Structure formats: structure tokens, C-alpha cells
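In: Just to be clear, the model below is a prediction. Sequence and coordinates:
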Amino acid sequence: MVPDTDLDDLLARADAWMDEDPDPNTANQLRELTTKVSAGDAAALHALKDAFAGTLEFGTAGLRGRLGPGSNRMNRMVVMRAAAGLASYVRANGGDSIVIGYDARHNSDVFAHDTARVMSGAGISAMVLPRPMPTPVLAFAIRHLGAAAGVMVTASHNPAQDNGYKVYLGDGRQIVAPADRDIAERIGQVGPLSLIPLGDDFVTMDDSVLAAYIERAVSLLPPGPRDVTAVSTAMHGVGGDVLCRVVIEAGFPAPVTVAAQQQPDPLFPTVTFPNPEEPGAMDLALAQARITQPDIVIANDPDADRCAAAVPHQGDWRMLTGDEIGWLLGWWSIQRQRRLGQTPHGALAQSIVSGDMLREIALDSGVRYAATLTGFKWVSRVPELTFGYEEALGYCVDPTVVSDKDGITAALVLLELTAHMKSLGRTLTDVLDDLALVHGVYLTSQVSVRVTDRAQIRDAMSRLRAHPPTSLAGLPVQRFDDLEEGSADLPATDGLRFVLDGARVIVRPSGTEPKLKCYLQVVMPVSDDLVSSRDEAAQRMHRLRADVSSALDLP
């Protein structure tokens with residue numbers, strides 16, 4: 001039972017919100033909710049309390065949350081206040097221009113154009129992409145146009161009821177501290193919405209930026225084999241047409257597309273979660289592959305900044321893990337330099353939660369290697385980066401112009417590698433076997449728990465900090481690192497790392513979803529028999545997954 005004074009305060013906040021809300025849809029939703037609350041509806045009261053449970057937090061991922069009315073939701077009021085705070089930051093740092101992109105989710109176009117009006121009203125030149133576009137096109141556009149900042153309205157692979165607001169600065173990289181804190185403070189200083197000046201002299205761009213992005217993507221590939229067949233899926237997102245154009249202009253045959261998922265649809269009707277990592281998300285693509293028998297299956301997530309792949313395996317199809325794709329692309333980046341007559345140079349980088357084979361590939365090739373905190377806001381900052389990845393299907397193959405993960409160019413380079421190996425009578429699986437024989441079997445997996453209450457995540461992390469396990473999968477914990485303490489190599493972050501003999505576990509809360517994520521790795525040397533080494537690694541991973549799940553103590 002809510003005390004009358006608390007209920008009165010909650011209803012007063014809702015009334016004040018409705019008075020200021022520029023969106024009649026969310027205002028009406030809130031009006032219906034408060035009517036039900038006044039009539040004693042307990043479910044409505046819970047929803048209203050959650051809608052105003054603080055303010056949607058602005059951080060290094062910008063904003064991301066559920067659509068709806070209230071300070072704790074994604075809506076026009078929250079977005080316009082965020083835009084006003086960002087405009088203040090841009091002007092205070094001498095910037096005078098911004099480029100804005102958006103995907104095809106509910107209200108993405110509205111949020112993008114609201115942002116443009118706020119920027120214009122603040123005296124900042126605002127340029128809006130002409131229609132829903134992939135996130136990497138926006139990341140490319142910032143540098144291409146010389147803008148001081150960029151905004152991409154997207155919730156990437158989140159569920160259909162979510163949306164988000166990703167912020168970049170003029171270097172084309174996502175924001176990190178202290179910029180995120182400064183912008184958040186300026187958002188907190190924004191007054192009533194009616195006092196935010198608005199303008200209408202923003203520019204809606206033509207297709208020239210997209211054409212430049214495609215031209216750059218195609219230029220990444222030197223002459224070479226192009227005989228490769230593919231099935232591709234856009235996962236109801238905005239990458240389908242762009243991927244097909246890039247593939248064809250690079251000289252490959254047009255991919256066979258999954259028709260039911262090719263065009264943008266904010267409802268994502270064929271998948272529960274529009275993320276290629278989620279169970280069932282790739283079912284239609286794999287069904288298509290069983291019919292057409294291509295060389296590879298390619299999938300992008302809805303904003304096309306991630307890339308997944310599947311390959312033929314024992315008469316059917318096998319999804320490559322995000323790490324396996326990262327190792328293949330990292331290895332191929334070295335081989336391409338050699339094929340061009342260059343001594344391998346630059347740096348390979350990955351997030352700390354990704355599998356460590358990339359380090360061995362870098363050391364074997366004599367190039368620099370770095371491990372960063374999770375997220376391309378960190379990976380992209382590695383000096384002299386030539387390739388970077390994170391296991392969540394994010395790959396950066398052209399960091400000098402797109403300093404973010406890019407599922408379009410990653411797919412293109414995967415096709416190049418597949419075609420090259422096919423010309424030699426070999427496959428991507430053969431390359432992975434070769435890497436295992438040289439560096440050992442690196443097997444990675446995840447234990448991921450989705451919760452309804454983020455307090456469950458905080459409680460689990462507190463328990464593990466206070467009482468860390470001393471052994472996992474029968475292996476003693478050799479070192480326990482509380483990543484919240486930071487180090488000379490890594491800024492502080494909410495995470496725990498357990499290092500074992502031949503294994504590793506990292507536990508961290510998801511930065512974008514209500515999940516607790518555990519990243520597992522097993523390393524097994526290979527003597528003569530790769531199959532038995534992989535079997536032994538799989539058995540150890542099975543025990544490790546069971547022990548980690550038990551240690552989390554979550555329902």
C-alpha cells in the first residue's frame with residue numbers, strides 16, 4: 001500500500017509531465033495510467049512508479065530504455081532534454097555541427113528530428129541522414145563531414161519495445177569519461193521544455209554520404225577471388241539493402257536474402273529478440289541455407305553494427321562464435337598485409353571478455369596487441385589500430401574511417417576470406433583448425449541471466465565480491481581481480497575476473513540490458529589429436545558452466 005502523500009506526489013509528477021509532454025501519444029498513455037491508479041489498479045500503480053523511478057541514466061552508451069511516458073523511459077521529452085544538454089556541451093567545446101542518424105524502430109525518426117530542431121535552436125548546424133540507415137554509416141558520416149558530434153537513434157539488438165540514443169564526438173568514437181559526465185550534468189541543468197529554443201533550418205541530406213560509405217567499403221578489398229555464395233538476413237533491420245549493394249559492387253554474387261526479415265519492421269515479428277546471438281534468431285536464415293546450400297550465412301543485427309556467420313558443418317550448419325569470427329578476421333588482416341607485400345604492422349585489439357587467441361595471433365605475427373574494457377568506445381581508442389573486435393559480434397575492420405563496430409564491412413571481409421579459401425579448396429573451418437594446431441584449442445562460452453529487477457544483479461555481484469569461489473570446474477582459482485579497483489592497464493569497471501590454470505571467467509553486468517553476463521574461456525594445448533583436445537576442452541567447459549551457474553545463485 002502506497003501512503004497517500006507518496007501517491008499524491010506521484011500523481012502530481014505525472015500531471016506535470018502531461019502538461020509539458022509534446023507527444024500526445026505518451027501524454028494519453030500516461031493519462032490512462034493515472035486514471036487506473038486513481039481507481040485502485042495495483043498493476044497500473046506499479047507501472048506508474050516504474051515510469052518515474054528516477055531519470056533514464058545518460059552514460060557512455062548514451063541513453064537506452066523502454067519506450068513510454070515518464071522520466072525513466074525513452075520519449076520525446078527525455079530525448080529533447082538530452083539533445084539540449086548535448087548541444088550545450090558541443091558549443092562549450094567549440095563545436096558548431098552535428099550529424100544525426102536513425103534506424104527504423106518506433107519513434108526513431110521522431111527522436112532524430114526533435115534532436116535536429118534542438119540543435120538548430122542552439123545555433124548548431126544539424127544534418128540528418130535521409131532515411132533509416134545502419135549505425136556504421138552514421139559513424140562514417142561524422143568524420144566524412146567533419147562534424148563536431150554525432151547522434152544515432154537506435155537500440156541496436158534490444159527488444160522491440162526499446163529505443164536508444166548513442167552519442168559520438170568529432171573523432172567518430174562513442175563518448176567516454178569525462179565527456180559522458182559533463183553531458184549528463186548539462187542535461188540535468190536543462191529547464192522546462194518550453195524554454196528550449198527550437199529551430200527548423202536543419203538539413204536533410206541526400207544519398208551522397210551513403211554512396212561515399214559504400215565506395216570506401218568496396219575499396220577495402222584488393223583484387224582477388226569473388227566466387228562465393230551467401231545467404232544473408234537483415235533481422236528486420238536497416239542493413240539489408242546496404243549490405244546487398246556493398247556485396248554486389250565489390251564483385252560478389254548477390255546474396256540470397258531471407259525475405260521475411262529483409263525489410264525494416266519495428267515489431268521484429270519473426271524473432272523474440274532481434275539479436276543473432278539469441279536462440280532461434282537465425283532459424284529462418286539457416287532454413288534458407290539448407291535449401292540453397294551457400295558457402296556461408298551472414299546476419300546483421302537491426303542497426304547493422306554487428307555481424308554473425310554460419311558455415312557448413314557435418315552435413316548441416318554451425319554458427320561461428322563471436323570469438324571465432326574475431327580470430328578469423330584478425331588473422332586475415334595480417335595475411336592481407338603480407339599479400340600486399342607489407343610487413344605486418346599496427347595493432348590488434350579486443351575487449352577483455354573476448355577469447356584470448358587474438359593475442360597469440362598478434363604475438364606470432366610481431367604486431368602489437370591490446371585488451372580493453374568492453375565496448376568499442378574503448379577498443380577504437382587503441383593507438384595504430386588495424387583490427388579490433390568484441391565477442392558480442394562486433395568487428396572493426398576499417399578503423400581509420402569508421403571508429404566503431406561495423407557489421408557491413410565485417411561481412412564483406414568475411415566473404416573475401418571465404419572466397420579466398422574456396423579458391424584453395426579450403427574453408428573457414430580449416431583456418432580455425434590451423435589456428436588451434438598452432439595456438440591451442442580456445443573454447444569460449446557464456447552464462448547469461450536475464451532479470452526483472454536489476455537489484456538482483458547488484459546482490460549477485462556483492463556476494464561474489466564478498467565470497468569469491470576458490471575453485472571452478474575442479475581447477476583452483478589462481479587469481480581473483482576486482483575490476484572495480486582499476487589498474488595501470490584498465491580503467492575501473494564493475495566486473496570480476498577469475499584466472500585458473502587453463503581457464504578464465506569474467507562476470508559483469510550488461511551495459512545495455514537487464515542481464516548478468518559471465519564470459520568463460522577454456523584453453524587446451526594440442527599435441528597430435530585436435531579432435532580429442534576439443535572434446536576434453538568441451539568437457540571442461542561443461543563443468544565450468546555448471547559451477548559458474550551455481551556460484552551466481554540467481555533464479
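Out: Perfect, thanks for sending it.

In: Show me the beta-bridge partners of residue 395.
Out: According to DSSP bridges, the residues that bridge with residue 395 are residue 389.

In: Just give me how far stretch 499-514 sits from the chain centre.
Out: The chain centre lies 17 Å from the centre of stretch 499-514; the measure is C-alpha atoms, centre = their mean, to the nearest Å.

In: That stretch spans what distance, first to last residue?
Out: The straight-line separation of the ends of stretch 499-514 (C-alpha to C-alpha, to the nearest Å) is 26 Å.

In: go on, stretch 19-28?
Out: End-to-end distance (C-alpha to C-alpha), stretch 19-28: 11 Å.

In: Enumerate the positions of that stretch that are buried.
Out: 21, 23, 26, 27 (16 or more other C-beta atoms under 10 Å). Yep, even glycine has a C-beta here, placed from its N, CA and C like the rest.

In: As TSV, those with distance to residue 516 and pLDDT would be great.
Out: Formatted as TSV, the buried residues of stretch 19-28 follow (distance: C-beta to C-beta, whole Å; pLDDT from 0 to 100):
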residue	distance to residue 516	pLDDT
21	34	96
23	34	96
26	31	96
27	36	96
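
In: Sketch out the strands for the stretch 351-500 of the chain, chain order is fine.
Out: Counting by DSSP state E, counting those that start in this stretch, one finds strands in the stretch 351-500 of the chain at the ranges 368-372, 385-390, 394-396, 441-450, 471-472, 475-482, 496-500.

In: residues making contact with the last one?
Out: Looking back up the chat, that one is strand 496-500. Here strand 496-500 makes contact (C-beta atoms under 8 Å, 6 or more residues apart in numbering) with 352, 461, 464-465, 468-469, 471-473, 475-483, 504-508.

In: Repeat that for the first one.
Out: Outside of strand 368-372, the residues that reach it under the criterion C-beta under 8 Å, 6+ apart are 346-352, 354, 356, 358-359, 362-363, 378-379, 381-382, 384, 489-490.

In: Can you flag the buried ones in the contacts of strand 496-500?
Out: The neighbour-count criterion (16+ other C-beta under 10 Å) marks 352, 461, 464, 472-473, 475, 477, 483, 504-508 among the contacts of strand 496-500 as buried.

In: From those, pick the one nearest residue 262.
Out: Checking the buried ones among the contacts of strand 496-500 against residue 262 with C-beta to C-beta, the nearest one is residue 508 at 34.3 Å.

In: quick check: longest helix of this structure.
Out: As assigned by DSSP state H, the longest helix anywhere in the chain is helix 530-552.

In: Pull out the buried residues from that helix.
Out: Applying 16+ other C-beta under 10 Å to helix 530-552 flags 533, 534, 536, 537, 540, 541, 544, 545, 547, 548, 551, 552 as buried.

In: could I have it exported to PDB, CA atoms only?
Out: Provided in PDB are the C-alpha atoms of helix 530-552 (Å, rounded to 0.1, in the frame of the first residue of the first chain):
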ATOM      1  CA  LEU A 530      42.800 -32.000 -32.400                       C
ATOM      2  CA  VAL A 531      39.500 -33.800 -32.000                       C
ATOM      3  CA  SER A 532      40.400 -35.300 -28.600                       C
ATOM      4  CA  SER A 533      41.700 -31.900 -27.400                       C
ATOM      5  CA  ARG A 534      38.500 -30.300 -28.400                       C
ATOM      6  CA  ASP A 535      36.500 -33.000 -26.700                       C
ATOM      7  CA  GLU A 536      38.500 -32.500 -23.500                       C
ATOM      8  CA  ALA A 537      38.000 -28.700 -23.700                       C
ATOM      9  CA  ALA A 538      34.200 -29.200 -24.200                       C
ATOM     10  CA  GLN A 539      34.000 -31.400 -21.100                       C
ATOM     11  CA  ARG A 540      35.900 -28.900 -19.000                       C
ATOM     12  CA  MET A 541      33.700 -26.100 -20.300                       C
ATOM     13  CA  HIS A 542      30.600 -28.100 -19.400                       C
ATOM     14  CA  ARG A 543      31.900 -28.400 -15.800                       C
ATOM     15  CA  LEU A 544      32.800 -24.700 -15.700                       C
ATOM     16  CA  ARG A 545      29.400 -23.600 -16.900                       C
ATOM     17  CA  ALA A 546      27.700 -25.700 -14.200                       C
ATOM     18  CA  ASP A 547      29.900 -24.300 -11.400                       C
ATOM     19  CA  VAL A 548      29.600 -20.700 -12.600                       C
ATOM     20  CA  SER A 549      25.800 -21.000 -12.800                       C
ATOM     21  CA  SER A 550      25.800 -22.400  -9.200                       C
ATOM     22  CA  ALA A 551      28.000 -19.600  -8.000                       C
ATOM     23  CA  LEU A 552      25.700 -16.900  -9.400                       C
END
